[in-house]
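Asker: Take this sequence and fold it.
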Amino acid sequence: MQTVINLKTEKQTLIVLHSFEDFKKWYLRFFDLSIFAEGEVSALLNEGKPEHYPCIPLILDKNMNLIFFDATSVNCWCEQLKSITLKHKH
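Answerer: Numbering: from 1, shown residues only. I've put the predicted structure just below:
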């Protein structure tokens, strides 16, 4: 059985991040990193940044887990869904 991810978008405005600078501005609006040194913040941002731009960030849960939707991923998921649909039709 497949694992199901419940994406909750209540009170979230979907935005498109076009660059690392967009990601940094968006991330720093959501997370208070003032207790960390500049180097730690930079490391955290680099660790959590999206792999591809443009992308849409989505906060998954109250623990602030993130997922990024980019065109490559969405196209891949669409192909997988088409494949599943075709298998079930035959």
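Asker: Dump the worst-scoring helix or strand of the chain on mean pLDDT to CSV, keeping only the CA atoms.
Answerer: Least confident element among the helices and strands of the chain, by mean pLDDT, DSSP states H and E: helix 71-89 (a mean of 84). C-alpha atoms of helix 71-89 as CSV (Å, rounded to 0.1, in the frame of the first residue of the first chain):
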residue,chain,number,x,y,z
ALA,A,71,8.0,21.9,-12.8
THR,A,72,10.2,18.8,-13.1
SER,A,73,8.6,17.1,-10.1
VAL,A,74,5.1,18.0,-11.2
ASN,A,75,5.7,16.6,-14.7
CYS,A,76,7.1,13.4,-13.2
TRP,A,77,4.1,13.0,-10.9
CYS,A,78,1.7,13.6,-13.8
GLU,A,79,3.4,10.9,-15.8
GLN,A,80,3.2,8.5,-12.8
LEU,A,81,-0.5,9.3,-12.4
LYS,A,82,-1.1,8.7,-16.2
SER,A,83,0.7,5.4,-15.9
ILE,A,84,-1.4,4.3,-13.0
THR,A,85,-4.6,5.4,-14.8
LEU,A,86,-3.6,3.5,-18.0
LYS,A,87,-2.8,0.3,-16.0
HIS,A,88,-6.2,0.4,-14.3
LYS,A,89,-8.0,0.8,-17.7
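Asker: And the contacts of that helix?
Answerer: The contact list for helix 71-89, computed with CB atoms under 8 Å, 6 or more residues apart in numbering, reads His52, Pro54. Using the backbone N, CA and C atoms, a C-beta is placed for each residue, glycine as well.
Asker: swap in stretch 38-49?
Answerer: Outside stretch 38-49, the residues that touch it by CB under 8 Å, 6+ apart are Phe20, Phe23, Lys24, Tyr27, Leu33, Phe36, Leu66.
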